[in-house]
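>>> Kindly return the folded structure for what I paste below:
(one chain, ligands or ions: 2)
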Amino acid sequence: MIKRTGRAKVLKPYFRASIISLHSLIWGKRLRGAPGSTSMALKASRYRLQNEQLWQAFNRFAQRSYIIDWRARVDSLPFEENPSFGSLLYALSVVETDTQSVYQRLCQANAYRRPPMYAFVTAWLQEELEHGRALEAMAEKYRANKCVMGRRQRSSLRSTLSGPALYAARLVSPGIESVYATVGTITEYVALRIYNRCSLLATHPAASSLLREIALQESRHMMFYRNAAIIFNQNPYAQGLARIGVPLFWRPPGVDPLGLSTWRETFAPLLTDPELIAQMLRADQIVQELPGMSSIEVMRPFLKKMGIANPASKLVAGARARGHATRLSA
Ligand SMILES: [Fe+2]
Ligand SMILES: [Fe+2]
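Ligands and ions are numbered 1, 2, ... in the order given. Here you go, the predicted structure:
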């Protein structure tokens, strides 16, 4: 009987070959040894140059990276009977804490194989987990109904497939890095818009300032991811995979850890806000501005599918015309 490890050893070359064939099918040329293909030396120098650019982007991020000091501000908040807002904050804390599992899954996909990406994700994870702690403490002040999160949906087929799919993604690097950076750009953009909106809903100035500070950190995360996506998408091969992978893998922050129905129910106070919807639609424009991504749309199809808002509605169009959709907070 062949041992599990032995079978994996035997199957690995076939698996790799099938990925290479898939690549040939999509891009119409052989991955290795094609006439006129880029030499290894040129690839190595392009890789080094990209790493240098990524270090520059990381250094800009690191200069302003810090752990938010939230405890005194949350302690100063009086208890308030607002379970709907409290549950929203608690749901956001669940989403922030889930970044740990996102990190683990992306380790499987080898998305952090470059030192500057690993340096970024180490700092990013600390900041996100601290957001989760701050939001959970704040949610308690608003008497959050934490039971609503107990109704988390069972693993979807998509989540079940994500493990093997992410291992498979190791074979199509650097495409996975481009998909990761682009998805990160959209996710952080949506997060910063949500926190800014929540800061307007908070009744206490200490809660508002804390939420605005979290939004500011999300905007810094977004800027790093966006810079990284621009760097990775210099490679046409990475662009090709991003065009396929981004619409396939992207879902709004919170849908995976909470389940679609709980997400929709908990975020309902925000999803009926036409100005926020208009701001969320701006995510598509941000993606389309990335190299090679001009035809990609993810937010508009998602909102349409959910029936959350008709993106062509007069209300949303009006908010966009007033300029709410075109300003970034950082
Ligand atoms: Fe966060
Ligand atoms: Fe973030």
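>>> for the helix or strand hosting S261, packing partners?
Per DSSP states H and E, S261 falls inside helix 260-266. Where contact means 3 or more Cβ pairs under 8 Å, 6 or more residues apart in numbering; DSSP states H and E, helix 260-266 is packed against helix 83-97. Every C-beta, even on glycine, is put in place using the N, C-alpha and C of the backbone.
>>> show me the residues around V246 that make contact.
Counting by Cβ atoms under 8 Å, 6 or more residues apart in numbering, V246 touches 179, 182-183, 186, 287, 293, 296, 298.
>>> can you list the weak-confidence ranges in the stretch 101-250 of the chain?
For the stretch 101-250 of the chain, the stretches flagged by pLDDT under 70 are 147-174.
>>> can you give me the helices in it?
115-141, 157-169, 175-201, 205-232, 236-249 (DSSP state H, counting those that start in this stretch).
>>> Need the winner for burial among those.
helix 175-201 (a mean of 24; mean count of other Cβ atoms under 10 Å).
>>> Return the set of buried residues in stretch 296-306.
The neighbour-count criterion (16 or more other Cβ atoms under 10 Å) identifies 296-299, 302-303 as the buried residues of stretch 296-306.
>>> export the residues you listed to JSON lines and tack on pLDDT?
Output for the buried residues of stretch 296-306, formatted as JSON lines (pLDDT from 0 to 100):
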{"residue": "I296", "pLDDT": "94"}
{"residue": "E297", "pLDDT": "94"}
{"residue": "V298", "pLDDT": "95"}
{"residue": "M299", "pLDDT": "94"}
{"residue": "F302", "pLDDT": "91"}
{"residue": "L303", "pLDDT": "90"}
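>>> Just the closest of those to ligand 1, please.
Nearest to ligand 1 out of the buried residues of stretch 296-306 is M299 (Cβ to the ion; 18.8 Å).
>>> any idea how far that closest one lies from L271?
12 Å (Cβ to Cβ, to the nearest Å).
>>> now L42
Plainly put, L42 is 48 Å away from L271 if you go by Cβ to Cβ.
>>> So for the two, which sits in the more crowded spot?
Using other Cβ atoms under 10 Å, the more surrounded residue of L42 and L271 is L271, with 18 against 10.
>>> Would you confirm that that one contacts R264?
Yes: between L271 and R264 there is a contact at 7.1 Å, judged by Cβ atoms under 8 Å.
>>> and the gap between whichever residue of the chain sits closest to ligand 1 and V94?
Using Cβ to the ion, the single residue of the chain nearest to ligand 1 is H131, 3.8 Å away. Noted for H131: a distance of 11 Å to V94, by Cβ to Cβ.
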